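A.B. asks: need a 3D model of the following:
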Amino acid sequence: MSAAVVLDGAAVEAAVSPERAVEAVREAFVAHAHGEWTMPPKVYVTNYPAGDFRAMPALGGGHALLKWITSFPGNPVRGLPTVTGVVLVSDALTGELRAVLDAASVTALRTGAAAVLAAEVLGRADARTAAVVGAGVNGRAAARTFLARGRSVVLWDVDRGRAEQAAAKLGCDVAESLERALAADLLVTVTPGHEVLLHEGAARPGQHVSLMGADGPGKAEVSGPELARAHLFCDDWKQASHGGELAHAADAGIVTQDDVTAIGDVLAGTARGRENEQEITMFDSTGLAIQDLAIALAALESADLDALPRLVL
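C.D. replies: Got it, this is the predicted structure:
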């Protein structure tokens with residue numbers, strides 16, 4: 001019999017600070033770019049319009065991971081979270097299950113980290129303003145990460161009450177309008193992706209946008225022509241071109257793989273990031289299992305494992 005430690009959402013958040021999450025995600029991107037950490041593309045099991053299930057495996061750091069996570073946008077009206085699931089971490093040498101973690105907290109930490117890391121790496125050096133559009137769990141995580149990195153940020157949400165409540169808890173401001181939020185030097189969009197936020201000509205010269213919301217077929221936060229105006233980056237081309245922000249533009253032939261740079265290659269020093277202060281940079285994040293693995297391992301490194309409950313198998 002073997003026993004796996006169990007980390008609920010509170011335990012994950014207590015073990016991994018936003019600052020540590022940024023560094024963990026950075027390390028994972030570089031390891032993946034070097035071929036040291038591997039993963040196949042995520043698998044979707046869809047039940048639209050209700051929602052979908054996603055299976056995400058990864059291997060690295062002496063461990064294997066499987067994240068089984070859901071996205072059901074209609075859940076909040078039922079009093080249920082949009083995102084639920086579990087992260088399973090196993091020993092890569094023996095196959096023994098080592099840990100079970102709450103998937104929503106792991107996802108929020110790595111989503112916030114990836115959004116802000118991309119903004120720091122691809123944004124202008126003199127960027128002054130930052131905004132997050134979408135005040136759900138992952139939007140709040142992005143805002144919290146900006147604040148933890150010492151940068152002021154404003155929130156905007158279609159539900160102003162939700163934005164105000166989140167801003168009060170985080171200690172930041174609510175944007176006066178969507179237009180003001182969309183004009184920030186560093187913009188993070190974390191919406192359901194059902195409506196385009198940035199139409200052709202909307203992005204400003206020198207702006208950076210981290211696109212975190214369109215993570216499934218048929219979703220988009222930016223129009224195809226607007227994507228074509230930008231210097232494009234993504235976390236993984238296979239995922240982004242099939243189920244991410246870039247998918248609709250790739251299907252239309254507006255964007256090809258040659259037009260998009262993997263952010264891991266930029267972080268590893270094998271590809272160029274922003275080339276001048278006037279270009280628009282956009283990062284399409286579909287969420288990678290290697291990021292989840294990085295957060296899970298960071299949590300296991302920092303948590304008091306002896307104080308955690310165990311699942312005996």
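A.B. asks: helices of the stretch 101-250 of the chain, start to end?
C.D. replies: Counting by DSSP state H, counting those that start in this stretch, the stretch 101-250 of the chain has helices at residues 103-122, 137-148, 160-170, 178-182, 224-228, 237-243, 247-251.
A.B. asks: which residues does the fourth one contact?
C.D. replies: Counting by Cβ atoms under 8 Å, 6 or more residues apart in numbering, the neighbours of helix 178-182 from elsewhere in the structure are 131-133, 154-156, 175, 187, 197-198, 202. Bear in mind the C-beta positions are built from the backbone N, C-alpha and C, glycine included.
A.B. asks: recalculate using a threshold of 10 Å.
C.D. replies: Contacts with helix 178-182, where a contact means Cβ atoms under 10 Å, 6 or more residues apart in numbering, come from 129-134, 153-158, 163, 174-175, 187-189, 197-198, 202-204, 207, 209.
A.B. asks: of these, which belong to strands?
C.D. replies: When DSSP state E is applied, the contacts of helix 178-182 are split such that 130-133, 154-156, 174, 187-189, 209 fall in strands.
A.B. asks: now do residue 249 against residue 284, distance only.
C.D. replies: 10 Å (Cβ to Cβ, to the nearest Å).
A.B. asks: oh, I was asking about residue 24
C.D. replies: For residue 24, the distance to residue 284 - Cβ to Cβ - is 21 Å.
A.B. asks: point out where the stretch 151-300 of the chain drops to low pLDDT.
C.D. replies: In the predicted model of the stretch 151-300 of the chain, no residue satisfies pLDDT under 70.
A.B. asks: excluding its backbone neighbours, what's nearest residue 219?
C.D. replies: Spatial nearest neighbour of residue 219, excluding adjacent residues (Cβ to Cβ, 6 or more residues apart in numbering): residue 193 at 3.0 Å.
A.B. asks: okay, now that neighbour: neighbour count?
C.D. replies: When counting by other Cβ atoms under 10 Å, one arrives at 23 neighbours for residue 193.
A.B. asks: three-state assignment of residue 25?
C.D. replies: helix (DSSP: H, G, I helix; E, B strand; the rest coil).
A.B. asks: returning to that earlier point: farthest pair within the ones in strands among the contacts of helix 178-182?
C.D. replies: 174 and 209 (19.7 Å; Cβ to Cβ).
A.B. asks: more crowded one of these two?
C.D. replies: Set residue 174 next to residue 209 and count neighbours by other Cβ under 10 Å: residue 209 wins out with 33 against 19.
A.B. asks: ok, the more buried one - contacts?
C.D. replies: Applying Cβ under 10 Å, 6+ apart to residue 209 gives the contacts 115, 118-119, 122-123, 133, 182, 184, 186-189, 197-198, 202-203, 221-222, 226-227, 230, 245, 280-284.
A.B. asks: identify the residue spatially nearest to residue 239, adjacent ones excluded.
C.D. replies: In this structure, residue 239 finds its nearest non-sequential neighbour in residue 286, 4.1 Å apart by Cβ to Cβ, 6+ apart.
A.B. asks: center of this protein, which residue is that?
C.D. replies: Nearest residue to the geometric centre of the chain (Cα atoms, centre = their mean): residue 111, 2.5 Å.
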